[in-house]
Structure formats: C-alpha cells, structure tokens
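Engineer: What follows is a predicted structure for the sequence shown.
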Amino acid sequence: MIIGKDTHIARQGDVMIERIDKLPDGLTEAKRDVHGHIVLALGEHSGHRHAIRDKHVTSFLRPTAERDAALSADVDYILVGGNGATLNHEYVSGVKADHDPVLLAPGAYKVTGQREYSPQAIRRAVD
C-alpha cells in the first residue's frame with residue numbers, strides 16, 4: 001500500500017497514518033532512537049516496533065499538554081522527504097513482524113495510536 005498517491009490513510013496494526021496538507025504550528029522535532037530510526041510505536045509485549053529507517057524523514061511531537069490529553073502514538077507527525085519512505089513493522093534486528101510495510105509518498109502525515117475502551121477509561125491500545 002502506498003499512502004499519498006490515491007490513498008490518504010492507512011493502518012499498520014495499532015498505528016494509523018493519515019496524509020495531511022501541512023504540519024501544524026508549535027511542534028517540536030522528536031529524536032531518533034539509538035539505532036537512528038524513527039519509532040512511531042513500540043510493541044509493549046513482543047518487542048516489535050513500527051519504525052522508519054529512511055534518513056530523509058523527520059518526526060515531531062505536539063506540545064506536552066496536548067500529548068498528555070491525546071493518547072497519542074510515540075510520535076505525533078512525520079514529514080517525509082526525498083522519494084518517500086517505508087514504515088516497517090519489525091524487531092530491532094530488522095526481522096519483519098506481523099504487518100506488511102506501508103510505503104509513504106513525500107509529504108506530511110499525522111500519526112495516531114489506536115485506542116481501546118475499558119470500564120476504567122479509554123486508553124491507548126497495548127500491542
């Protein structure tokens with residue numbers, strides 16, 4: 001699946017990526033992990049992650065107050081440059097996990113973590 005051509009939204013497990021016209025104001029650039037990858041979400045139980053290895057992608061976070069109220073993914077927005085990027089569902093070793101890669105055309109994207117209901121609260125889904 002390629003997002004940004006004919007499709008503007010996709011899911012990869014508990015992460016949703018949505019193509020947007022431009023990034024909102026007030027964002028802070030997020031750091032890459034120790035391997036130099038952008039991690040959109042970590043699998044809390046199995047050790048997999050939704051990650052982008054491409055170097056021409058920048059990730060961003062909303063202001064802290066907005067993040068605390070939003071049940072967001074580990075990254076809120078990404079800006080894809082160059083010829084695009086690939087979102088992989090993988091282990092740190094690079095071995096593929098459950099979901100197929102999602103190809104991202106150049107552009108801006110909003111990242112949302114899946115939510116689930118429990119009697120105590122609506123919370124971020126744990127993968």
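Structural biologist: Perfect, thanks for sending it. Numbers count the residues shown, from 1 in each chain.

Engineer: How many neighbouring residues does T64 have?
Structural biologist: A count of nearby residues for T64, using other C-beta atoms under 10 Å, gives 9. For every residue, glycine as well, the C-beta is placed using N, CA and C.

Engineer: got it, and H89?
Structural biologist: That count, for H89 with other C-beta under 10 Å as the rule, works out to 22.

Engineer: How about the one 10 residues further on?
Structural biologist: Applying the criterion other C-beta under 10 Å, we find 17 residues in the vicinity of H99.

Engineer: got it, and G36?
Structural biologist: G36 has 8 nearby residues by other C-beta under 10 Å.

Engineer: mind checking how far H37 is from D98?
Structural biologist: Distance, H37 to D98, using C-beta to C-beta, to the nearest Å: 18 Å.

Engineer: who's more crowded, these two?
Structural biologist: In terms of neighbours (other C-beta under 10 Å), H37 is the more surrounded of H37 and D98; the figures are 20 against 12.

Engineer: quick one: the more buried one and I52 touch, right?
Structural biologist: Yes: here H37 reaches I52: they are 6.5 Å apart, a contact under C-beta atoms under 8 Å.

Engineer: What spatial separation is found between the closest residue in space to H48 that isn't next to it in sequence and Q12?
Structural biologist: Nearest non-adjacent residue to H48, counting by C-beta to C-beta, 6 or more residues apart in numbering: A97, 3.8 Å away. Counting by C-beta to C-beta, the separation of A97 from Q12 is 10 Å.

Engineer: circling back: okay, now the residue nearest to H48: neighbour count?
Structural biologist: 17.

Engineer: my guess is it contacts L42, does it?
Structural biologist: No: using C-beta under 8 Å, A97 is not in contact with L42, being 11.3 Å away.

Engineer: got the buried residues for stretch 50-68?
Structural biologist: By 16 or more other C-beta atoms under 10 Å, the buried positions in stretch 50-68 come out as 50-54, 57-62.

Engineer: so the residue nearest in space to the middle of the chain is in which element?
Structural biologist: With distances taken as C-alpha atoms, centre = their mean, L40 lies nearest the centre of the chain, 3.3 Å away. Using DSSP states H and E, L40 sits within strand 38-42.
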